[in-house]
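> dropping a prediction and its sequence here:
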Amino acid sequence: MNPELRSTLFKVLIPLLGILIPLVVAKVRGFSLREFFGFHKPAGRLFALFLALWVMWMALTEVVLHWLDPSGNPNWPPYPMLVIVLRILAIGILGPIMEELIFRGVIYGKLSRRIGVPATIIAIAIAWTLLHFRYDWTNLTVVFVDGLWFGYARHKTGSVFTPMAMHVMANLFSIYQSLT
């Protein structure tokens with residue numbers, strides 16, 4: 001098997017398992033998916049407002065990051081089409097869903113009852129930023145603020161689906177930049 005394909009399949013498998021295992025464990029233990037993960041339908045207008053604000057935030061950060069470092073995101077190598085599609089699935093969709101399910105789903109739900117919402121949003125944003133340790137300080141700063149946004153969106157809408165949508169949008173935009 002082509003090493004690029006094998007590596008990419010691994011990139012798909014990890015977030016897929018990171019989504020399925022918590023869902024299965026919660027179901028087996030009899031947890032309410034709605035309560036345990038924050039699977040609430042967000043109000044349409046509030047959801048749309050957060051997505052619109054998110055797009056503006058992404059545009060602003062792109063301008064600032066380009067000003068700080070005009071070289072931008074590195075381009076992806078010329079992968080075969082199957083590898084590109086699978087990487088988009090892994091990095092653009094499954095990865096963000098897994099991260100939000102865990103961070104703004106499970107951890108947010110458990111921690112917010114113990115230490116309160118503001119401290120939870122900050123603590124999760126810090127932990128999530130540390131997960132992205134390979135970035136430089138400017139991008140880590142953006143990741144931290146993104147984490148605050150995701151946490152605030154989770155809190156205000158009561159739904160993990162809002163930060164999931166925001167995170168997927170951000171990753172797909174980053175992929176788009178790397179492909180063009």
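Done, it's in. Residues are numbered from 1 along each chain as shown.
> so which bits of the helix or strand of the chain with the lowest mean pLDDT are buried?
Least confident helix or strand, the chain: helix 33-37 with a mean of 89, by mean pLDDT, DSSP states H and E. The neighbour-count check on helix 33-37 (16 or more other Cβ atoms under 10 Å) flags 36-37 as buried. (Glycine included, C-beta is placed from N, CA and C.)
> do the same with stretch 15-24
Neighbour-count burial for stretch 15-24 [16+ other Cβ under 10 Å]: 15-16, 18-19, 22-23.
> related to what we said a few turns ago, what's the offset of the least confident helix or strand of the chain from the middle of its chain?
On the basis of Cα atoms, centre = their mean, to the nearest Å, helix 33-37 sits 18 Å off its chain's mean C-alpha point.
> report how many residues lie close to residue 57.
16 (other Cβ atoms under 10 Å).
> next: residue 62.
Residue 62 has 16 neighbours, counted by other Cβ under 10 Å.
> residue 139 now?
For residue 139, using other Cβ under 10 Å, the count is 18.
> related to what we said a few turns ago, any chance of JSON lines for the buried residues of stretch 15-24, columns secondary structure, distance to residue 44 and pLDDT?
Shown next, in JSON lines, are the buried residues of stretch 15-24 (DSSP: H, G, I helix; E, B strand; the rest coil; distance: Cβ to Cβ, whole Å; pLDDT from 0 to 100):
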{"residue": "15", "secondary structure": "helix", "distance to residue 44": "28", "pLDDT": "97"}
{"residue": "16", "secondary structure": "helix", "distance to residue 44": "29", "pLDDT": "97"}
{"residue": "18", "secondary structure": "helix", "distance to residue 44": "29", "pLDDT": "96"}
{"residue": "19", "secondary structure": "helix", "distance to residue 44": "25", "pLDDT": "97"}
{"residue": "22", "secondary structure": "helix", "distance to residue 44": "27", "pLDDT": "94"}
{"residue": "23", "secondary structure": "helix", "distance to residue 44": "25", "pLDDT": "94"}
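> perfect, that will be all.
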